[in-house]
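**Student:** Sequence and predicted structure below; questions after.
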Amino acid sequence: MKNPYLKTKRLADVIAAITALGTYKFYKLDMKGWSDRISGKANAEHWKAIFLEHPEFFRLDSDGAKASLVWRRQFPKTYHVDRKEDVPLPDGQKSHPDNGRFSRRPLEPVEITALINVATNLHDRALEQHKARRWWIPLFTGVLALIGAVIGGWLSGGAF
């Protein structure tokens, strides 16, 4: 299977998705919503593919309709999206009464930077592995050149 980081513009797409999913006030949206937020285009299938091919960062809900950033899913739903602050849960309650206006908190800039660094390192590693698989090409080319020289010398009547 080809490493998804080797696809054209993949690292840029992953970084854009990390940034959008990490900072938007709601932690999960449907594919159309993320597509609009990330690229301003109606290419929801493209972004769904990005989310599916990079489970190290993204997850889909059980219906496969909404995507979120794994790191944000670890926070409680105590971030009030209008007030832009964490609001502690009332004692003994598992959620806020106005649950529609609460989400998981956005990531801090340092957290976004950490995820981008991970994506960059995974991309670099994929490139190195791809290059390492081609070790045999210079060797094979040299052998072909040697065989060509031997055959050329033999056909010209020369002796080695």
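**Tutor:** Yep, that arrived.

**Student:** Check which helices and strands the longest helix along the chain sits against.
**Tutor:** When the chain is scanned for its longest helix (criterion: DSSP state H), the result is helix 109-132. Counting by 3 or more C-beta pairs under 8 Å, 6 or more residues apart in numbering; DSSP states H and E, the packing neighbours recorded for helix 109-132 are helix 10-23. For every residue, glycine as well, the C-beta is placed using N, CA and C.

**Student:** Which elements pack onto the helix it packs on?
**Tutor:** Packing contacts for helix 10-23, counted by 3+ C-beta pairs under 8 Å, 6+ apart, involve helix 31-39, helix 44-53, strand 66-69, helix 70-73, helix 109-132.

**Student:** Touching that helix from outside, list them.
**Tutor:** The contact list for helix 10-23 (C-beta atoms under 8 Å, 6 or more residues apart in numbering) reads 4-5, 27, 34, 37-39, 46-47, 50-51, 54, 57-58, 67-69, 71-72, 106-107, 111-112, 115-116, 119-120, 123.

**Student:** hmm, back to that, most tightly packed of the helices and strands packed on helix 10-23?
**Tutor:** Mean neighbours per residue, mean count of other C-beta atoms under 10 Å, is largest over the helices and strands packed on helix 10-23 for strand 66-69, with a mean of 22.

**Student:** Pairing partners for it, with directions?
**Tutor:** strand 28-30 (antiparallel), strand 58-60 (antiparallel) (DSSP bridges).

**Student:** could I get the ones you listed as TSV with mean pLDDT, mean neighbour count and distance to residue 154?
**Tutor:** Listed next are the strands paired with strand 66-69 as TSV, based on pLDDT from 0 to 100; neighbours: other C-beta atoms under 10 Å; distance: least, C-beta to C-beta, whole Å:
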stretch	mean pLDDT	mean neighbour count	distance to residue 154
strand 28-30	96	18	69
strand 58-60	97	18	60
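
**Student:** Now render these as JSON lines, adding distance to residue 76.
**Tutor:** Converted to JSON lines, the strands paired with strand 66-69 look like this (distance: least, C-beta to C-beta, whole Å):
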{"stretch": "strand 28-30", "distance to residue 76": "14"}
{"stretch": "strand 58-60", "distance to residue 76": "17"}
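
**Student:** Of those, give the one that comes closest to residue 150.
**Tutor:** Nearest of those to residue 150, taken as C-beta to C-beta: strand 58-60 at 55.2 Å.
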